[in-house]
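**Student:** how would this look folded up:
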Amino acid sequence: MSSPDRLSLETLSGLPETVQTPAYDPRSVRPGIVHLGVGAFHRAHQAVTLDDILATDPQWGIVGASLRRADMRDALAPQDDLYTVAVRSGEGTALRIVGSIRQILVAPEDPETLLKAMCEPAIRIVSLTVTEKGYCHDPATGDLNPDHPDVKADLQNPRAPTSAPGLLVEALRRRREAKIVPFTVMPCDNLPANGPTVHRIMAQYAALLDDGLARFVERDVAVAGTMVDRIVPATTDADTAEIAAALGVADAWPVVTEPFTQWVIEDRFPTGRPDFGAFGAEMVADVEPYERMKLRMLNGSHSTLAYLGYLAGYQTVSETMADPAYERLVSDMMTDEIMPTLEMPGTDLGGYRDALIARFHNPALKHRTWQIAMDGSQKLPQRFLGTVRDRLAAGQPIDRLALGIAAWMRYVIGTDENGAPIDVKDPLADRLKAIGAEAGGDPQRLAAAYLGVAEVFGRDLSGDPAFVEPVTRALAALLSKGAAATVKDFAT
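**Tutor:** As a prediction, the model looks like this:
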């Protein structure tokens with residue numbers, strides 16, 4: 001039962017007039033999409049676009065699924081799965097209630113219920129925001145990692161999987177067996193060529209079970225690649241309190257974001273799709289150039305700011321950008337080292353760069369450098385190393401890119417410049433910290449050891465002096481001078 005003091009369908013009509021509410025009755029919505037990975041990003045991005053669409057086409061409601069924990073379900077179920085999106089800019093905050101997610105399931109608790117939902121004929125799209133590490137793959141190669149613990153567990157019990165590849169393939173197997181047409185898979189994570197990469201991961205997983213199933217996944221399952229962009233910081237207790245005060249009722253888990261949003265989608269939906277294009281998405285034949293632009297320019301710059309900013313004691317991106325040396329560094333990195341690797345005739349890359357700089361400066365967003373620094377071993381191959389390889393192949397310098405990579409190395413040692421511990425959140429955190437301890441602060445030993453982590457750097461870069469030398473120089477500077485002084489040197 002809903003509470004009069006809690007956001008819910010019952011309390012919607014009593015919200016202040018300045019709060020935007022759904023332009024449809026959420027109770028009339030029918031599910032057409034299952035989304036794996038109901039986190040803050042999905043709720044501030046894809047679910048908002050679907051909220052717009054549902055006002056005219058109620059068949060595209062979302063059944064969300066958490067692949068790890070029950071906390072999102074437990075927070076939103078008592079409020080009829082409604083939640084607030086707070087859009088913050090220098091001009092203030094605009095509040096909107098989103099109702100497109102009509103149910104949240106928890107895979108580890110009950111994979112069978114989730115699989116049954118994925119097999120409903122009305123479900124024509126399964127989308128994902130499970131982060132890079134959720135695909136159980138090797139970021140350096142883009143292939144499925146058959147030794148991943150979640151993959152090994154699913155192969156032992158393939159009819160009750162809990163990993164993203166396992167759930168997708170088992171649901172597709174069941175649909176095939178029941179003669180229900182396959183859904184379209186729509187990954188919305190920052191993977192290079194995320195459509196082909198996820199298609200390959202699914203086929204490789206299926207091949208470990210059955211060759212015929214693998215051929216079916218390769219031949220008959222459509223995968224629509226995407227590029228998604230919106231900065232969504234983690235919600236703080238202060239955010240929750242402020243939003244509750246503005247609403248007049250409590251919202252257990254609102255999300256905070258910026259005004260900018262972008263969604264580029266490959267138009268590969270043989271069984272139908274919402275009219276994404278009428279509500280702000282860009283439908284294209286090939287998303288790869290847009291994805292590469294975003295991964296290299298936005299995400300690469302974001303990670304650079306996160307590691308170098310955190311090491312200098314800056315808590316947020318906007319605080320980091322208030323230091324002119326940091327702004328100059330990322331602007332020059334985009335202009336001189338990243339943009340020349342992008343072939344996008346007709347696209348104003350300089351305008352995109354300037355828009356990114358403005359977004360990074362947004363003082364209302366408070367995007368924590370520590371949050372962006374998470375899972376760096378999974379992110380570096382996508383955000384930095386494609387650019388690096390292109391630059392090296394062209395015989396061009398990589399000094400600023402090397403500084404971003406060296407800053408990651410300095411960060412994952414696990415102690416900051418004052419000797420305080422860093423809470424490194426990364427699948428390889430223990431191994432990376434052990435490497436740092438063994439190297440004992442020697443930049444050459446440290447760089448060589450980290451570059452030997454093949455899951456991150458592959459086999460080619462650790463033997464290339466054009467890569468090793470600038471990374472080692474940058475790491476030596478960070479260890480001897482600190483981040484702020486090193487950035488100042490690079491920016492002058």
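
**Student:** for the rest of this, base every contact and every neighbour count on C-alpha atoms.
**Tutor:** Fine.

**Student:** so which residues of the stretch 51-200 of the chain form strands?
**Tutor:** 61-66, 83-89, 92-98, 101-106, 125-128, 137-138, 143-144, 184-187 (DSSP state E, counting those that start in this stretch).

**Student:** give me the residues contacting the fourth one.
**Tutor:** Right, strand 101-106. 26, 29, 31, 38, 47, 61-70, 72-73, 77, 80-82, 113-114 (Cα atoms under 8 Å, 6 or more residues apart in numbering).

**Student:** still on that earlier bit, mind putting the strands of the stretch 51-200 of the chain into CSV with mean pLDDT?
**Tutor:** Supplementary listing: these in CSV, determined by pLDDT from 0 to 100:
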stretch, mean pLDDT
strand 61-66, 98
strand 83-89, 97
strand 92-98, 97
strand 101-106, 98
strand 125-128, 98
strand 137-138, 94
strand 143-144, 96
strand 184-187, 98
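
**Student:** output the top helix by length along the chain in CSV, but only the C-alpha positions, please.
**Tutor:** Assignment by DSSP state H gives helix 465-481 as the longest helix of the chain. This file holds the C-alpha atoms of helix 465-481, laid out as CSV (Å, rounded to 0.1, in the frame of the first residue of the first chain):
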residue,chain,number,x,y,z
PRO,A,465,58.9,2.1,-27.1
ALA,A,466,56.7,4.8,-28.7
PHE,A,467,54.1,3.9,-26.1
VAL,A,468,56.1,2.7,-23.1
GLU,A,469,58.4,5.7,-23.0
PRO,A,470,55.8,8.5,-22.7
VAL,A,471,53.7,6.5,-20.3
THR,A,472,56.8,5.9,-18.1
ARG,A,473,57.8,9.6,-18.2
ALA,A,474,54.4,10.7,-17.2
LEU,A,475,54.2,8.2,-14.4
ALA,A,476,57.6,9.3,-13.1
ALA,A,477,56.4,13.0,-13.1
LEU,A,478,53.2,12.1,-11.2
LEU,A,479,55.2,10.1,-8.6
SER,A,480,57.8,12.9,-8.1
LYS,A,481,55.9,16.1,-8.6
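
**Student:** pLDDT of that helix, averaged?
**Tutor:** Averaging pLDDT along helix 465-481 gives 98.

**Student:** okay, buried residues for it please.
**Tutor:** 467-468, 470-479 (16 or more other Cα atoms under 10 Å).

**Student:** what does stretch 4-21 give?
**Tutor:** 6-9, 11-12, 15, 20-21.

**Student:** got TSV for those residues, with secondary structure and distance to residue 132 too?
**Tutor:** Formatted as TSV, the buried residues of stretch 4-21 follow (DSSP: H, G, I helix; E, B strand; the rest coil; distance: Cα to Cα, whole Å):
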residue	secondary structure	distance to residue 132
6	strand	34
7	coil	32
8	coil	33
9	coil	34
11	coil	37
12	helix	36
15	coil	37
20	strand	33
21	coil	33
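
**Student:** quick revisit: and residue 314, which of the strands of the stretch 51-200 of the chain is closest to it?
**Tutor:** strand 83-89 (20.1 Å; Cα to Cα).

**Student:** for that closest one, packing partners?
**Tutor:** strand 92-98, strand 255-257 (3 or more Cα pairs under 8 Å, 6 or more residues apart in numbering; DSSP states H and E).

**Student:** contacting residues around the helix or strand following the shortest one?
**Tutor:** By that I understand strand 255-257. Per DSSP states H and E, strand 255-257 leads on to strand 262-266 as the next helix or strand towards the C-terminus. With Cα under 8 Å, 6+ apart as the test, strand 262-266 has contacts from 224-230, 280-287, 290.

**Student:** please redo it, this time with the cut-off set to 7 Å
**Tutor:** Contact with strand 262-266 is made by 224-230, 281-287, as judged by Cα atoms under 7 Å, 6 or more residues apart in numbering.

**Student:** that strand pairs with which strands?
**Tutor:** Using DSSP bridges, strand 262-266 pairs in its sheet with strand 226-229 (antiparallel), strand 282-284 (parallel).

**Student:** pick the most deeply packed of these.
**Tutor:** strand 226-229 (a mean of 25; mean count of other Cα atoms under 10 Å).

**Student:** so what touches that strand?
**Tutor:** So strand 226-229 is contacted by 187-188, 261-266, 287, 290-291 (Cα under 7 Å, 6+ apart).

**Student:** cutoff 10 Å now
**Tutor:** 41-42, 45-46, 186-195, 260-267, 281-284, 286-295, 298-299 (Cα atoms under 10 Å, 6 or more residues apart in numbering).

**Student:** now do it: distance to the chain's middle.
**Tutor:** 9 Å (Cα atoms, centre = their mean, to the nearest Å).

**Student:** what's the domain layout of this protein?
**Tutor:** 12-284, 288-491 (automatic domain parsing).

**Student:** would you mind measuring from residue 352 to residue 339?
**Tutor:** According to Cα to Cα, to the nearest Å, residue 352 and residue 339 sit 10 Å apart.

**Student:** re the thing from before, nearest to residue 488, out of the strands paired with strand 262-266?
**Tutor:** Across the strands paired with strand 262-266, closest to residue 488 is strand 226-229 (Cα to Cα), at 29.2 Å.

**Student:** quick check: mean pLDDT of the helix or strand just after that closest one?
**Tutor:** Proceeding N to C from strand 226-229, the next assigned helix or strand is helix 237-247, under DSSP H and E. If you average the pLDDT over helix 237-247, you get 97.

**Student:** repeat for stretch 316-323
**Tutor:** Rounded mean pLDDT across stretch 316-323 is 97.
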